[in-house]
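Asks: I'd like to go over a predicted model; first the sequence, then the structure.
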Amino acid sequence: MNSLWLTLAVPKGRLFEESLDFLMKIGLITERVEEGRKLVVDVGSLRLYLVKPFDVPVYVENGVADLGIVGLDVLLERPADVYRLYDLGFGFCRIAVAGRPEFFEDYKKSTHLKVATKYPNIAREFFSKKGIKTSLVVLNGSVELAPLLGLSECIVDLVQTGRTLKENNLIVYEEIGTSTAQLICNRVSYRTKRESILKLVRTLLEVC
Ligand SMILES: Nc1ncnc2c1ncn2[C@@H]1O[C@H](COP(=O)(O)OP(=O)(O)OP(=O)(O)O)[C@@H](O)[C@H]1O
Ligand SMILES: O=P(O)(O)OC[C@H]1O[C@H](OP(=O)(O)OP(=O)(O)O)[C@H](O)[C@@H]1O
């Protein structure tokens, strides 16, 4: 492995293709990589680790990967001791509170809410700043089902096109924030592989 070799944790799933587009655009890779069963892929001067989105900061924080690509939503939910090098711009979505239209007036008056979410820390912090107590129901997906079935009064989830909310007759109550993909870096790698990383950042600033 030469000194130019960098390791990068890439999120599988929704952000995968755009992450590769980005790597191609800045010339770090010249051929596409398939999202298959192979989890370590050497391409160009990079070693890619294909991991779950929520695991990207874990690999970077622990120094197993020098760099990572991850949604801001993940970093807000699980803060990691890493450098945030660059906002890559893709993977835009909103983090929002949503629920049934009929409950909206009660929502605005509530001092205690039952909230279903995949983002318990974001939800807790948001409502606690507003002085609202929460009972959290942590789910792993299809969160929109919770208010429909009475499991919660509202949800905190990602909204991109708004289609999932619409198809389930839910509305956005409030926006908490937005999220885009971020390039993150291990703190030690930033020093020990400074030359390669700064070269990458310079290219990125020229091209993006
Ligand atoms: N509409 C959206 N819904 C979910 N994630 C989105 C959306 N738009 C952009 N993203 C970004 O994509 C990331 C999630 O990707 P993906 O949906 O593949 O993973 P996941 O749902 O966390 O994983 P898995 O489905 O494997 O449990 C989010 O962290 C966010 O940054
Ligand atoms: O506004 P939209 O464009 O409809 O996107 C939002 C939906 O996409 C995500 O779910 P995902 O597809 O990742 O499935 P999941 O519910 O299993 O997490 C998110 O949790 C919303 O449910």
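Replies: Perfect, thanks for sending it. Ligands and ions are numbered 1, 2, ... in the order given.

Asks: all contacts plus neighbour counts: C-alpha atoms, from now on.
Replies: OK.

Asks: could you give the number of residues near A146?
Replies: A146 is flanked by 19 other residues according to other Cα atoms under 10 Å.

Asks: residue contacts, it?
Replies: 116, 152-155 (Cα atoms under 8 Å, 6 or more residues apart in numbering).

Asks: confidence score at it?
Replies: For A146, the pLDDT comes out at 98.

Asks: returning to that earlier point: got the contacts of A146 as JSON lines, with distance to ligand 2 columns?
Replies: Formatted as JSON lines, the contacts of A146 follow (distance: Cα to the nearest ligand atom, whole Å):
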{"residue": "A116", "distance to ligand 2": "11"}
{"residue": "S152", "distance to ligand 2": "15"}
{"residue": "E153", "distance to ligand 2": "16"}
{"residue": "C154", "distance to ligand 2": "13"}
{"residue": "I155", "distance to ligand 2": "10"}
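
Asks: which of these sits closest to L28?
Replies: Using Cα to Cα, I155 comes nearest to L28 of those, at 39.2 Å.

Asks: so that closest one, which of the three states?
Replies: Here I155 is strand, with the state taken from DSSP: H, G, I helix; E, B strand; the rest coil.

Asks: mind checking how far it is from E167?
Replies: 15 Å (Cα to Cα, to the nearest Å).

Asks: of the two, which one has the most company?
Replies: Counted by other Cα under 10 Å, I155 and E167 do not tie: I155 has more neighbours, with 29 against 9.

Asks: so what's the nearest residue to the more buried one once chain neighbours are set aside bridging to?
Replies: Nearest non-adjacent residue to I155, counting by Cα to Cα, 6 or more residues apart in numbering: A116, 4.8 Å away. A116 forms beta bridges with V137, I155, as assigned by DSSP bridges.

Asks: now do T7
Replies: With DSSP bridges as the rule, T7 is bridged to R47.

Asks: show the contacting residues for the residue nearest the centre of the chain.
Replies: Taking Cα atoms, centre = their mean, the centroid of the chain lies closest to G71, which sits 2.3 Å from it. By Cα under 8 Å, 6+ apart, the residues touching G71 are 53, 91, 179-182.

Asks: give me the subset of those touching ligand 1.
Replies: The subset of the contacts of G71 within reach of ligand 1, by Cα under 6 Å from any ligand atom, is 53, 91, 181.

Asks: do a quick rundown of the strands in this protein.
Replies: 6-11, 40-43, 46-51, 67-71, 83-87, 93-99, 112-117, 133-138, 154-159, 171-179, 181-185 (DSSP state E).

Asks: looking at those, spot the one closest to E206.
Replies: Here strand 83-87 is closest among these (Cα to Cα), at 12.8 Å.

Asks: in that closest one, what counts as buried?
Replies: Residues of strand 83-87 classed as buried: 83-84, 87 (neighbour count, 16 or more other Cα atoms under 10 Å).
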